[in-house]
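Asks: I'll drop the sequence and a predicted model, then ask my questions.
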Amino acid sequence: MKPLGPIPPGYAADAQGRLRIGGHDVTALIEAAGDTPLFVYDLGMAAERVRRLRAAMPAGLEIHYAIKANPYPALVSAMAGLVDGFDVASQGELARAIEAGMAAARISFAGPGKRARELEAAIRAGATINLESEHEADRALAIGEALGLRPRLAVRVNPDFELRGSGMRMGGGAKPFGIDQARVVPLVRRLAEAGADYRGLHIFAGSQSLDRDAIIETQANSVELARRIDDETGAKAPLVNLGGGFGVPYFAGDAALDVEAIGAALAGQVGDEAGRYAIELGRWLVAEAGVYLTRIVDRKESHGRIFLVTDGGLHHQLAASGNFGTVVRRNYPAAIATRFGAAPEEEASIVGCLCTPLDRLADDALLPRAEPGEVVAIFLAGAYGATASPAAFLGHPAPREIAISSESAVILT
């Protein structure tokens, strides 16, 4: 038996033993959406995460949402009214951010390999470009000059340090991201000389960390580095984006991150300058608000093992299959949604409908007995789900998506 990850707080069974999401019966949600597979995003849960974060962080600190975590339009529109800015990583995300109502001046555009048309779109809109190289700086300056516009430019720093225990290390050593720490000061000076609108620094050392002390240490290092760059350039960064790195507990044994302790430590680090700092989060804000629902179409036994075959799979929820950066495959939180209140009865593996042995949503998990027609719930599906998965693989249809609120009817987009 392989343990399942911890189901996030806020999910419960109704009187019939079915899962409720945002106050809605899971079968009613599927009926409203029209079918499975289905992603459901609870906007109220995402809003509560933002409220908790604001209460934990120093007053005045900006909170930015990284759209790459989940670009679903209804969710992005809801987040636009909750956070102070968006981070985007493509021209498509830039357009979505603006459509959601976020002012372009509150949008930062990160990511290596920005094409000329993307740089031009950001400059025309008035978004801040986080420069990933000196060559990108030259291109942005040239495009701004050709357009007769003063580009808003920040420098993404590849710091000498990394975020310990990070699932994805974005800083320290040779990286395709950002400009090596030793080369930042000359570039900032050159931007000022060229007449660019210098918007500050982006220091992103890693992501998906559940180590409170490691995050506190990294933030302290980032604040100190930003101050040193300010001193050496003589140009005080208007905004210092400290990145994110806040992880969520996907697997058995994981513990939720103590954001209150992180916020208290950060308050001591930034002092009365909290207003010129930001943190940029995606996963921590929206992962727990999403549930992937997929229906069992077959129940079969092979060499004494039970397989529950669903109409979904890794083409929609790649991360839960263990094929999105996981070295050792472990089970995400999962449940039989239509028997959410039932006690476990058997070991079974939940698999998808694809012709590959990689298509597994849970291995040898202890579950209530489930039959064809029952619905499986995969939790922590609010981040890096549908758009981080190979949806076109084998030609299966795209999953449906809905956003819900406990105070209102289902939102379909």
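Replies: That came through fine.
Asks: low-confidence stretches in the stretch 251-400 of the chain?
Replies: 327 (pLDDT under 70).
Asks: now the strands for it?
Replies: 277-281, 290-302, 305-310, 334-336, 346-351, 360-367, 375-379, 400-404 (DSSP state E, counting those that start in this stretch).
Asks: partners of the shortest one, with directions?
Replies: Strand pairing for strand 334-336, determined by DSSP bridges: strand 375-379 (antiparallel).
Asks: and the strand it pairs with with strand 346-351, angle?
Replies: Following axes from the mean of the first three to the mean of the last three Cα atoms, to 10 degrees, one obtains 80 degrees for the angle between strand 375-379 and strand 346-351.
Asks: and stretch 347-361, end to end?
Replies: 14 Å (Cα to Cα, to the nearest Å).
Asks: mind listing what's buried along it?
Replies: Neighbour-count burial for stretch 347-361, counted by 16 or more other Cβ atoms under 10 Å, picks out 348, 349, 350, 351, 352, 353, 354, 359, 360, 361. The way it works is simple: take the backbone N, C-alpha and C, and place the C-beta from them, glycine included.
Asks: residue 180 is in contact with residue 156, isn't it?
Replies: No. The pair residue 180 and residue 156 fails to qualify as a contact (Cβ atoms under 8 Å) at a distance of 10.8 Å.
Asks: quick one: distance of stretch 385-392 to the chain centre.
Replies: Between the centre of stretch 385-392 and the centre of its chain there are 14 Å (Cα atoms, centre = their mean, to the nearest Å).
Asks: so which of the strands of the stretch 251-400 of the chain gets nearest residue 385?
Replies: strand 290-302 (6.2 Å; Cβ to Cβ).
Asks: tilt between that closest one and strand 400-404?
Replies: Going by the same axes, to 10 degrees, strand 290-302 makes 140 degrees with strand 400-404.
Asks: by how many degrees do strand 290-302 and strand 305-310 diverge?
Replies: Using the same axes, to 10 degrees: strand 290-302 against strand 305-310 is 140 degrees.
Asks: about what we covered before: nearest to residue 335 among the buried residues of stretch 347-361?
Replies: residue 350 (10.0 Å).
Asks: contacting residues around that closest one?
Replies: Residue 350 makes contact with 308, 310, 334, 360, 361, 362, 365, 367, 376 under the criterion Cβ atoms under 8 Å, 6 or more residues apart in numbering.
Asks: which residues touch the third one?
Replies: With contacts defined as Cβ under 8 Å, 6+ apart, the neighbours of residue 334 are 4, 5, 320, 350, 361, 362, 365, 367, 376, 377, 378, 379.
Asks: between those residues, which is closest to residue 344?
Replies: Using Cβ to Cβ, those come closest to residue 344 at residue 367, 5.7 Å.
Asks: the closest one contacts residue 344, correct?
Replies: Yes. Between residue 367 and residue 344 a contact is recorded at 5.7 Å, counting by Cβ under 8 Å.
Asks: neighbour count: these two, which is higher?
Replies: Neighbour totals were compared for residue 367 and residue 344, and residue 367 leads with 24 against 15 (other Cβ atoms under 10 Å).
Asks: okay, residue 166: pLDDT?
Replies: On pLDDT, residue 166 comes in at 46.
Asks: quick one, which of residue 180 and residue 156 is more surrounded?
Replies: Legend: neighbour count by other Cβ under 10 Å for residue 180 and residue 156, higher for residue 156 (26 against 15).
Asks: so residue 296 touches residue 369, yeah?
Replies: No. With contacts counted by Cβ under 8 Å, residue 296 stays clear of residue 369, the gap being 11.1 Å.
Asks: more neighbours, the two?
Replies: residue 296 (22 against 15).
Asks: okay, buried residues for the longest helix along the chain please.
Replies: Using DSSP state H to define each element, the chain has its longest helix at helix 212-233. Under the neighbour-count criterion of 16+ other Cβ under 10 Å, helix 212-233 has 212, 214-219, 221-223, 225-226, 229-230, 233 buried.
Asks: do the same with stretch 139-154
Replies: Here stretch 139-154 shows 139, 140, 141, 143, 144, 151, 152, 153, 154 as buried, counting by 16+ other Cβ under 10 Å.
Asks: narrow the residues you listed to those in strands?
Replies: Among the buried residues of stretch 139-154, the members falling in strands are 152, 153, 154 (criterion: DSSP state E).
Asks: make JSON lines from those and add distance to residue 63 and pLDDT to it.
Replies: Below are those laid out as JSON lines (distance: Cβ to Cβ, whole Å; pLDDT from 0 to 100):
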{"residue": "152", "distance to residue 63": "20", "pLDDT": "98"}
{"residue": "153", "distance to residue 63": "22", "pLDDT": "98"}
{"residue": "154", "distance to residue 63": "17", "pLDDT": "98"}
